[in-house]
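S.K.: sequence first, then the predicted structure:
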Amino acid sequence: MKIGFIGLGIMGAPMALNLLNAGHELFVRTRSKVPESLAKATACKTNADVARAADVIVLMLPDTPDVEAVLFGKDGVAEGLSAGKTVMDMSSISPIETKTFAMNHGSVSVGPITIESLGIPHDAPQIAIRVTAGELSFGYATDLGSSNGKLAAFLGACDTVLLESNYEEKLLDEGPYPLKLKRRIAGPLGHLSNEQTAALLAEVARHGHPRVLLCHLSKLNNTPELAQRAARAACPALDVSVLEHGEAKIVDVVRTRHRAAKQLSLLF
């Protein structure tokens, strides 16, 4: 079997040697010099190269930031992954973080359609998705309490994005909901306010210029006008409209950077 091993420290090197002695073809990378005992292994220049060469990639790293950097940093493992490959994280970190990392790079292909996922913060398991068919990409992110640079880049690569803009802060604060529910909605694992969505779109615009449809607007704590106004003020270069609560609509996904005749139609 072709096995990749990243992290050849006190614990990693002996484990990698056992795999090599068992007859497996080994592809390795470490921050320091590869031990002489692993001279028969193939040393790779980048973590992505390890992932491209191996069927199973084993990580044995010291801490959570190290795992995240190896997986998703420049020339990271994620860049070299393809269908059928397996990543085994044996680092001394929280299993919760490992599950989060797994959610951050899920993808499946069905014929010409590829669906990718990215874990997003909510008080129940939730992901953003990106659907690609040929040259067209559509992104969807709702039920999230906060965002980061990964989500902005994830959505910025799309041609059309459906994004939550759940509440207006003043309306939520003065509205009829119980205090506990208000805190949940406005918390980091709740929902995005109009202001938070606008800030996220400003980051999205640094990566691309998708057409944006705002969705999941609260009936009591928001209005289409307020949501659209906030988003357009933050991102005047983006085409922003609102998909109102309960509205069924066919959305045509059309190339935004280099307009093409092709389109993908989705029903919401």
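M.R.: Perfect, thanks for sending it.

S.K.: which outside residues touch stretch 13-31?
M.R.: Applying Cβ atoms under 8 Å, 6 or more residues apart in numbering, the set of residues contacting stretch 13-31 from outside is 1-9, 12, 34-35, 37-38, 40-47, 49-50, 53-54, 58, 60, 90. Just so you know, the C-beta spots here come from the backbone N, C-alpha and C atoms, and that holds for glycine as well.

S.K.: recalculate using a threshold of 6 Å.
M.R.: When contacts are taken as Cβ atoms under 6 Å, 6 or more residues apart in numbering, the neighbours of stretch 13-31 outside the stretch itself are 1-6, 8, 35, 37-38, 41-44, 47, 50, 53-54.

S.K.: buried set for the strand or helix carrying Leu155?
M.R.: Per DSSP states H and E: Leu155 is located in helix 149-156. Along helix 149-156, these residues count as buried under the neighbour rule (16 or more other Cβ atoms under 10 Å): Leu151, Ala152, Phe154, Leu155, Gly156.

S.K.: and if you look at stretch 11-26?
M.R.: Gly12, Ala13, Ala16, Leu17, Leu19, Leu20, His24, Glu25, Leu26.

S.K.: any idea how far it is from the chain center?
M.R.: Averaging C-alpha positions (Cα atoms, centre = their mean, to the nearest Å) puts stretch 11-26 32 Å from its chain's average.

S.K.: and it, what's its mean pLDDT?
M.R.: Confidence over stretch 11-26 (mean pLDDT, whole number) is 94.

S.K.: CA atoms only: put it into CSV for me.
M.R.: Output in CSV follows, covering the C-alpha atoms of stretch 11-26 (Å, rounded to 0.1, in the frame of the first residue of the first chain):
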residue,chain,number,x,y,z
MET,A,11,6.4,9.2,18.1
GLY,A,12,6.0,9.5,14.3
ALA,A,13,9.4,8.1,13.2
PRO,A,14,9.1,4.7,14.8
MET,A,15,5.6,4.3,13.5
ALA,A,16,6.7,5.2,10.0
LEU,A,17,9.6,2.7,10.3
ASN,A,18,7.2,-0.1,11.2
LEU,A,19,5.1,0.7,8.1
LEU,A,20,8.2,0.7,6.0
ASN,A,21,9.5,-2.6,7.4
ALA,A,22,6.1,-4.2,6.8
GLY,A,23,6.6,-3.6,3.1
HIS,A,24,4.5,-0.6,2.4
GLU,A,25,5.6,2.1,0.0
LEU,A,26,6.2,5.2,2.2
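
S.K.: tell me the domain boundaries of this protein?
M.R.: Under the assignment named as automatic domain parsing, the residue ranges that make up the domains of the chain are 1-103, 104-268.

S.K.: sounds good, over and out.
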